[in-house]
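Visitor: could you work out the structure for the sequence below:
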Amino acid sequence: QVQLVESGGGLVQAGGSLRLSCAASGSLFSINTMGWHRQAPGKQRELVATITSGGNTNYADSVKGRFTISRDNAKNTVDLQMNSLKPEDTAVYYCNADVASKASGWRYLGVWGQGTLVTVSH
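Guide: Okay, the predicted model is just below:
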């Protein structure tokens with residue numbers, strides 16, 4: 001079974017930086033798009049950034065110029081470098097990936113991590 005495990009969340013002051021990491025493990029065959037979403041208290045989960053296996057990236061307007069997504073295809077990892085953090089970036093951040101495995105019948109299915117909390121103080 002494929003799992004995604006996030007790390008790197010925590011408490012930071014406004015204007016600071018954090019780097020989130022996510023690693024996929026298990027009997028996987030291939031990973032297509034990987035990404036990060038976030039969910040703030042009382043709000044719906046929203047897209048933060050995605051990156052394809054070829055390196056094409058997409059960002060939410062609210063994080064453009066501040067966040068950078070990257071991945072290592074050989075290690076099955078995806079990172080999110082977050083700079084110039086704002087209090088409104090406070091949320092639980094979830095890693096997700098489209099993963100093909102024997103268990104999925106070699107189809108790409110979405111897999112989610114358990115989430116990591118990022119808190120940005122004023």
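
Visitor: list the contacts of Q13.
Guide: V120, S121, H122 (C-beta atoms under 8 Å, 6 or more residues apart in numbering). C-betas here are computed from N, CA, C, even on glycine.

Visitor: let me see the contact set for the second one.
Guide: This points to S121. L11, V12, Q13, A14, P87 are the contacts of S121 under C-beta under 8 Å, 6+ apart.

Visitor: if we use 6 Å, what do you get?
Guide: By C-beta atoms under 6 Å, 6 or more residues apart in numbering, S121 lies in contact with Q13.

Visitor: what about it, distance to Q3?
Guide: Look at S121 and Q3: by C-beta to C-beta, to the nearest Å, they are 31 Å apart.

Visitor: ok, the last one next?
Guide: Distance from H122 to Q3, counting by C-beta to C-beta: 35 Å.

Visitor: pLDDT score for the residue lying closest to A103 once chain neighbours are set aside?
Guide: Excluding its sequence neighbours, the residue lying closest to A103 (C-beta to C-beta, 6 or more residues apart in numbering) is Q1, at 6.4 Å. Note for Q1: predicted pLDDT of 85.
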